[in-house]
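Chemist: here is a sequence with its predicted model. Questions after.
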Amino acid sequence: MSLTRGEGVALWRQIATQLEEEIRRRTFGPGQRLPTEQALALRFGVNRHTVSRSVASLEDRGLVRAEQGRGTFVQENVLDYQVGKRTRFSETIRRQQKTPKGELLQALEVPADRIVAKGLKIKPGAPVIRLDTMGFADESPISVAAHYFPARRFPDFIAVYKSSRSITAALKRSGVADYTRQSTRVTTRMPDSEEARLLRLPRNRPMLVAESVNVDQDGKPIEFGVARFAGDRVQIVFEP
């Protein structure tokens, strides 16, 4: 498609229409990086400012996302993250026909603040194990999470987790054969600079924030979690 000049339709809008059509035809598929603005400017015979406005309009409509230092990517289909009695990250991602991957950011023992203590039903200041993790679906980052476990019950949890690389497996090796989700509370907020970097989000794109409590078979809290999800890539679905 060549651009039509002087007939009332702005060039940036014509370029946006062409790129949108190519996205819908999957010339550029979900997760694929678009050509650079310089390359698009050469292709359409316009300046970069015109291309920038076109790409910004596609981003405003949720068709693409800009990642600082990496480029502009076609938005993936929104992933249904199902929350029920037995919420397991890897199982949930596999049900979406995607490959799950987890990455440990840090593991340490810290005193429980008021919110964590309330979730775990322990005293504020009591020691807890904190694991900060990232979750991926087909190499796309979808979540950053902080997981808290009572340190008195699970004193060796960091070493066990690093050995197994699975919270479910680490809990099983620590004496918890199975666990269920007691509660989940979802809110939204804008990411801070570190969350935006990890999730590859613009600072003006909201996250879903899920606070959750998991309990053992006796109903005792074993994990309090705070997961931040990329809001343009994930929707949380509550199972009945």
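Modeler: Thanks, I have it. Note that the coordinates shown come from a computational prediction; the quantities given were computed from them, not determined experimentally.

Chemist: now name the helix or strand holding the residue nearest the centre of the chain.
Modeler: When Cα atoms, centre = their mean is applied to the chain, the residue found nearest the centroid is residue 142 (2.1 Å). Using DSSP states H and E, the element containing residue 142 is strand 140-150.

Chemist: hmm, back to that, now do the contacts for the residue nearest to the centre of the chain.
Modeler: For residue 142, the contacting residues are 79, 81, 135-136, 199, 229-230, 233-234, by Cβ atoms under 8 Å, 6 or more residues apart in numbering. C-beta: built from backbone N, CA, C; applies to glycine.

Chemist: what secondary structure does the closest residue in space to residue 217 that isn't next to it in sequence sit in?
Modeler: Distance criterion Cβ to Cβ, 6 or more residues apart in numbering; nearest residue to residue 217, sequence neighbours excluded, is residue 178 at 6.0 Å. When classified by DSSP: H, G, I helix; E, B strand; the rest coil, residue 178 comes out as coil.

Chemist: tell me where the model's unsure across the protein.
Modeler: The chain contains residues with pLDDT under 70 at 1, 6-7.

Chemist: for residue 177, which non-adjacent residue is spatially closest?
Modeler: residue 217 (7.0 Å).

Chemist: so who does the one you found touch?
Modeler: Contact partners of residue 217, counting by Cβ under 8 Å, 6+ apart, are 176-179.

Chemist: please apply the same query to residue 114.
Modeler: Per Cβ under 8 Å, 6+ apart, neighbours of residue 114: residue 124.

Chemist: how near is the spatially closest residue to residue 30 that is not a sequence neighbour to residue 233?
Modeler: Leaving aside its sequence neighbours, residue 30 sits nearest to residue 76 (Cβ to Cβ, 6+ apart; 4.4 Å). Distance, residue 76 to residue 233, by Cβ to Cβ, to the nearest Å: 6 Å.

Chemist: next, give me the two most distant ones among the contacts of residue 217.
Modeler: Within the contacts of residue 217, 177 and 179 form the most distant pair, 8.5 Å apart (Cβ to Cβ).

Chemist: the two: who's more crowded?
Modeler: residue 179 (22 against 8; other Cβ atoms under 10 Å).

Chemist: residue 145: neighbour count?
Modeler: Using other Cβ under 10 Å, residue 145 has 20 other residues around it.

Chemist: equivalent analysis for residue 110, please.
Modeler: Here the number of neighbours of residue 110 (other Cβ under 10 Å) works out to 13.

Chemist: 23 is where my numbering starts, stick with that
Modeler: Got it, first residue is 23 now, which makes that one residue 132.

Chemist: so where does it fall, helix or strand?
Modeler: Following DSSP H and E, one finds residue 132 within strand 122-133.

Chemist: that strand pairs with which strands?
Modeler: strand 149-159 (antiparallel) (DSSP bridges).

Chemist: the strand it pairs with relative to strand 162-172, how many degrees between them?
Modeler: 160 degrees (axes from the mean of the first three to the mean of the last three Cα atoms, to 10 degrees).

Chemist: buried residues of strand 149-159, list them for me.
Modeler: 150-159 (16 or more other Cβ atoms under 10 Å).

Chemist: how about those residues in a markdown table, adding distance to residue 168?
Modeler: Formatted as a markdown table, the buried residues of strand 149-159 follow (distance: Cβ to Cβ, whole Å):
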| residue | distance to residue 168 |
| --- | --- |
| 150 | 10 |
| 151 | 11 |
| 152 | 6 |
| 153 | 7 |
| 154 | 5 |
| 155 | 8 |
| 156 | 11 |
| 157 | 12 |
| 158 | 17 |
| 159 | 19 |
